[in-house]
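Engineer: Need coordinates for the following:
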Amino acid sequence: MRKYEVDLTDSERKTLSLLLDTGNLSQRKRQRCKVLLLAAEGKLVQDIIDELGVGAALVHRVRKRYVLDGLEKAVHGLPIGNPKKHRVDLTGDERNILNEMIEEGELSERELRRCKILILSDDGRLDVEICEQLNIHLSSVTNTRKRYIAKGLDIAIKGLPILGSKHMFTEEQCLEVKDLAMSPPPQGEGRWTLKLLAEKLVSGGMVERVSLDTIRRSLMRVGLEKLP
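Structural biologist: Numbering: from 1, shown residues only. Next comes the predicted model:
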């Protein structure tokens with residue numbers, strides 16, 4: 001028998017399912033819910049790792065926290081044995097931005113490495129695991145996490161804000177971007193994405209270049225937290 005066996009009650013299973021259905025959880029918390037559900041089904045650690053694409057450390061920590069402290073802390077609490085002061089907890093939009101930046105293939109080697117550090121940190125990987133996987137020094141991991149917590153996604157990846165200012169757009173321009181995001185998407189596209197908005201702003205002459213995170217923050221300034 002496993003040392004930390006996950007045996008969910010019917011009520012706990014229903015709670016986890018409801019949490020996943022709401023769509024309001026961070027990526028990290030969604031992973032914890034899924035780990036518990038799969039563990040309760042009797043899945044082996046390696047099976048859970050393969051299915052969710054997470055590290056073994058995350059699986060072990062979530063199971064241990066559930067057995068020792070209960071469901072709420074297993075999902076919402078601090079991971080057991082994680083000494084990180086600067087924990088990375090990406091929003092869904094931030095994670096999508098990072099994946100899009102990687103897929104575009106236009107990042108420098110350093111920027112690509114920082115994107116991967118943030119994604120792996122959000123997955124619950126330990127610093128030593130990230131260092132081994134990316135073949136980098138520990139300082140690269142800790143510095144990237146610190147910049148993300150203190151300054152946000154743009155500076156964590158690029159080192160400096162895109163145009164060196166706190167807000168790239170005025171409030172009036174933010175409203176223009178919001179109007180664009182609420183308009184019908186380009187022909188052949190099902191909906192606006194941050195990448196499509198960036199391309200339109202550049203082609204329309206509003207800016208010469210703009211990051212996806214800058215667009216996301218500009219929309220949030222005028223009350224649009226999620227693209228329709």
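Engineer: Run through the chain and note the low-pLDDT ranges.
Structural biologist: 1-3, 23-24, 77-86, 159-168 (pLDDT under 70).
Engineer: mind giving me the domain ranges of it?
Structural biologist: 10-76, 92-158, 171-221 (automatic domain parsing).
Engineer: Endpoints of the second one, how far apart?
Structural biologist: From its first residue to its last, domain 92-158 covers 20 Å (CA to CA, to the nearest Å).
Engineer: One more: the first one?
Structural biologist: Using CA to CA, the end-to-end distance of domain 10-76 comes out at 19 Å.
Engineer: Determine how far it lies from the middle of the whole chain.
Structural biologist: 17 Å (CA atoms, centre = their mean, to the nearest Å).
Engineer: Isn't residue 62 up against residue 32?
Structural biologist: Yes. Residue 62 is within contact range of residue 32, at 4.9 Å (criterion: CB atoms under 8 Å). Every C-beta, even on glycine, is put in place using the N, C-alpha and C of the backbone.
Engineer: Quickly list what's touching both of these two.
Structural biologist: residue 74 (CB atoms under 8 Å, 6 or more residues apart in numbering).
Engineer: Relative to residue 228, which of the domains of the chain is closest?
Structural biologist: Closest approach to residue 228 among the domains of the chain is made by domain 171-221 (6.5 Å; CB to CB).
Engineer: Check which residues of stretch 197-214 are buried.
Structural biologist: Within stretch 197-214, the residues that count as buried by 16 or more other CB atoms under 10 Å are 197, 198, 200, 201, 207, 210, 211, 212, 213, 214.
Engineer: same check, this time on stretch 108-128
Structural biologist: For stretch 108-128, a neighbour-count test (16+ other CB under 10 Å) marks 111-127 as buried.
Engineer: and what of stretch 127-147?
Structural biologist: Quick answer for stretch 127-147 (16+ other CB under 10 Å): 127, 129, 130, 131, 136, 140, 141, 142, 144, 145, 147.
Engineer: Quote the end-to-end distance of it.
Structural biologist: 15 Å.
Engineer: ok, so what distance separates the closest residue in space to residue 176 that isn't next to it in sequence from residue 146?
Structural biologist: Of all residues not flanking residue 176 in the chain, residue 206 sits nearest, at 7.5 Å (CB to CB, 6 or more residues apart in numbering). Residue 206 sits 32 Å away from residue 146, going by CB to CB, to the nearest Å.
Engineer: Same check on residue 118?
Structural biologist: Residue 118 is 12 Å from residue 146, by CB to CB.
Engineer: Kindly report the same for residue 213.
Structural biologist: Distance of residue 213 to residue 146, given as CB to CB: 17 Å.
Engineer: Of the buried residues of stretch 127-147, which pair is most distant in space?
Structural biologist: The two members of these with the most space between them (CB to CB) are 129 and 147, at 20.1 Å.
Engineer: Tell me which residues touch residue 105, please.
Structural biologist: So residue 105 contacts nothing (CB under 8 Å, 6+ apart).
Engineer: how far away is it from residue 9?
Structural biologist: Residue 105 is 47 Å from residue 9, by CB to CB.
Engineer: Tell me which of the domains of the chain sits nearest to residue 4.
Structural biologist: domain 10-76 (4.3 Å).
Engineer: Need the three-state assignment for residue 90.
Structural biologist: coil (DSSP: H, G, I helix; E, B strand; the rest coil).
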